[in-house]
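S.K.: Sequence plus predicted model, see below.
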Amino acid sequence: MSRIHPTAIVEPGAQLDAHVEIGPYAVIGPHVSIGKGTVVGPHVVIEGHTSIGHGNRIFQFASIGAAPQDKKYRDEPTRLEIGNDNTIRECVTINRGTVQDAGVTRVGSGNWIMAYVHIAHDCVVGDHTIFANTTNLGGHVHIGDWVILGGNSQVHQFCKIGAHAMTGTGTVVLHDIPPYVMASGNTAGAHGINSEGLRRRGFDPEAINAIRRAYKTLYKSGLTLDEARSQLAAQAKDPANPHREAVALLSDFLGSVTRGIVR
């Protein structure tokens, strides 16, 4: 059965797997569901229509599923969905969605979310990301798989950051960051590709070189964004290109850009 500390408050209606652990003084709301093996630390508050998968570790004083920090919010029953095997450290705050968007904030699986990170309403976070301490995501931000955000990174609302991208410490993101790109500064600028991260994830040297060539097409060729995207789309469709899927990830991302890209 669930291990629930006697000082914890679990509201009637909450759905807890039999192998969930709830620490001292934690508060679990009536519309919360928590999957097998998740550990909720002391003084954690989980509220709203929030579903949390299995194997998560939520450290003390985190606030999960609170109402969005949006003045248009009128107590609509919006949601927060968190996947499996995430580490959510001390004082992290993750808000649920708003009806002005899809009505749900989503966090995937295998993420490492360090202390004092804020994930605002309607954000979509992929899998296997790392958010270092005091990073903040504004509302409606989309983060791809394997993204690493350096400590105190600040991401403006509605920005998108593509898979395998990385930011340096203290980066201010006001425009979209394409996949694979390393960005840093205030405001963020592009500084090559995240080659070390790609090597650690099993990309072979030929694939990394193909991504580097795609980066040069986007950033070093003097082409406009539309022209570069057309060239990359052609590379992604070339049957003779053995790395067309890696290039397609970049080309497809550029097709969804709404705020321009970091330069």
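M.R.: Structure's in. What do you need?

S.K.: Residue 123 versus the closest residue in space to residue 85 that isn't next to it in sequence, what's the distance?
M.R.: Excluding the flanking residues, the one nearest residue 85 by C-beta to C-beta, 6 or more residues apart in numbering is residue 55, at 4.4 Å. (Each C-beta comes from the backbone N, C-alpha and C, glycine too.) Residue 55 sits 21 Å away from residue 123, going by C-beta to C-beta, to the nearest Å.

S.K.: More neighbours: which of these two?
M.R.: More crowded of residue 55 and residue 123, by other C-beta atoms under 10 Å: residue 123, with 25 against 18.

S.K.: hang on, isn't the more buried one packed against residue 136?
M.R.: No - contact criterion C-beta atoms under 8 Å: residue 123 and residue 136 do not qualify, at 10.6 Å.

S.K.: thinking again about what came up before, so what's the residue nearest to residue 85 up against?
M.R.: Counting by C-beta atoms under 8 Å, 6 or more residues apart in numbering, residue 55 makes contact with 35-38, 84-85.

S.K.: Read off the pLDDT value for it.
M.R.: pLDDT, residue 55: 98.

S.K.: Tell me if I am right that it is in a helix.
M.R.: No - secondary structure of residue 55 (DSSP: H, G, I helix; E, B strand; the rest coil): coil, not part of a helix.

S.K.: Now do the helices in this protein.
M.R.: Counting by DSSP state H, the chain has these helices, from start to end: 195-200, 205-219, 225-237, 244-254.

S.K.: And these: which comes nearest residue 186?
M.R.: Minimum separation from residue 186 across the helices of the chain (C-beta to C-beta) falls at helix 205-219, 19.4 Å.

S.K.: Contacts only, for the spatially most central residue of the chain.
M.R.: The centroid of the chain falls nearest to residue 125 when counting by C-alpha atoms, centre = their mean (2.7 Å). By C-beta under 8 Å, 6+ apart, the contact set of residue 125 is 106-108, 111, 119, 137, 143.

S.K.: Low-confidence ranges, the chain, go.
M.R.: Low-confidence segments of the chain, defined by pLDDT under 70: 1.

S.K.: how does it divide up, domain by domain?
M.R.: 3-140, 197-254 (automatic domain parsing).

S.K.: Would you reformat those domains as CSV and include distance to residue 169?
M.R.: Formatted as CSV, the domains of the chain follow (distance: least, C-beta to C-beta, whole Å):
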stretch, distance to residue 169
domain 3-140, 8
domain 197-254, 16
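
S.K.: So which of those domains has the densest surroundings on average?
M.R.: Among the domains of the chain, ranked by average contacts under mean count of other C-beta atoms under 10 Å, first place goes to domain 3-140 (a mean of 19).

S.K.: distance between the ends of it?
M.R.: End-to-end distance for domain 3-140: 35 Å, by C-alpha to C-alpha, to the nearest Å.

S.K.: go on, stretch 7-26?
M.R.: 8 Å.

S.K.: go on, stretch 154-169?
M.R.: End-to-end distance (C-alpha to C-alpha), stretch 154-169: 10 Å.

S.K.: cool, stretch 84-102 as well?
M.R.: End to end - C-alpha to C-alpha - stretch 84-102 spans 21 Å.
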